[in-house]
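**Q** based on what follows, work out the 3D shape:
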Amino acid sequence: MTGKLQRILITRPRDDAEALAAELTRRGFEAMVQPLLEIRNLPGPPLDLSGVQALLCTSANGVRATAARTTRRDLPVLAVGDATARAALDDGFIRVESAKGDVQSLAKLAIDRLDPGAGRLLHAAGSAVAGDLAGELGAAGFTVERHVLYAAEPASGLLPETVQALYAGTIDAALFFSPRTAQSFVKVVGKAGLTDRLGGILAVCLSEAVGDAVRTVCWRDVVTARRPDQAALLDLLAAPARSPPV
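**A** Residues are numbered from 1 along each chain as shown. The predicted structure follows:
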């Protein structure tokens, strides 16, 4: 396959995928959505935010789960990246700042902006956590409380339209934002007996860790963003498509 990339597979949870699909359409691509994780907010009482100086959000799912458990929107929100920050603004939080990167970037932003003596930090987390946010901030003197507010369950299989597109070879690129999503994709594609259909697809990954997770199978190529955010990931789609190795 050569020439311009056209059909792009989005592997994000559906709530995150919809906005990304709209952005891809605006850029002239055809977007397909294949959620690899199902997000479920966990039930529980309203969050106790007394003495909390800021909320730490490592995903848009964490933002939405937090918004479901409190009516307060006045606390500062430090978000791991721009998409998470936009989700916080969309949910009515008024003091939002993006770390524009990964968990380490978020820790650095918190250390730069906050005072360890001004109150505890609440990390809105899922059932699976990447990185050691609490450890990095604890070393800087902060008290971090991780609240598991949502669960992310791996998909058990592919949607029929994804199976059809993989079999027909009509997907040009697939976007991967996390190692867990990438591992889930490889697993369900293998379960469907379609691993050999990935050789014509460009795997576009948010980081080297994500790239390592997809390299367990053979792709047309695997590329990683120069920085861990959605804008850098989408910049890779504008690069000339590479030919398969000979």
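**Q** all helices of the chain, in order?
**A** Ranges of helices in the chain, per DSSP state H, are 14-26, 60-69, 82-90, 103-113, 133-139, 160-168, 179-191, 208-214, 230-235.
**Q** list the buried residues for the shortest one?
**A** Along helix 230-235, these residues count as buried under the neighbour rule (16 or more other CB atoms under 10 Å): 230, 232, 233, 234. No exception for glycine: its C-beta is placed from N, CA and C like everyone else's.
**Q** centre-most residue in this protein?
**A** Nearest to the mean C-alpha position of the chain, counting by CA atoms, centre = their mean, stands residue 177 at 4.6 Å.
**Q** now do the same contact list for the nearest residue to it once chain neighbours are set aside.
**A** Counting by CB to CB, 6 or more residues apart in numbering, residue 206 is the residue found nearest to residue 177 once chain neighbours are left out, at 4.9 Å. Residue 206 makes contact with 176, 177, 178, 224, 225, 228, 229, 230, 233, according to CB atoms under 8 Å, 6 or more residues apart in numbering.
**Q** check residue 17 too.
**A** When contacts are counted by CB under 8 Å, 6+ apart, residue 17 touches 10, 11, 33, 35.
**Q** how many residues are close by the closest residue to residue 98 other than its chain neighbours?
**A** Computed as CB to CB, 6+ apart, the closest residue to residue 98 that is not its neighbour in sequence is residue 85, at 3.9 Å. Neighbours of residue 85 under the rule other CB atoms under 10 Å: 22.
**Q** how near is residue 85 to residue 99?
**A** 9 Å (CB to CB, to the nearest Å).
**Q** overlap of the contact sets of the two?
**A** With CB under 8 Å, 6+ apart as the test, residue 85 and residue 99 both reach residue 79.
**Q** how does this structure divide up, domain by domain?
**A** According to automatic domain parsing, the chain is divided into the following domains: 7-36+156-238, 39-153.
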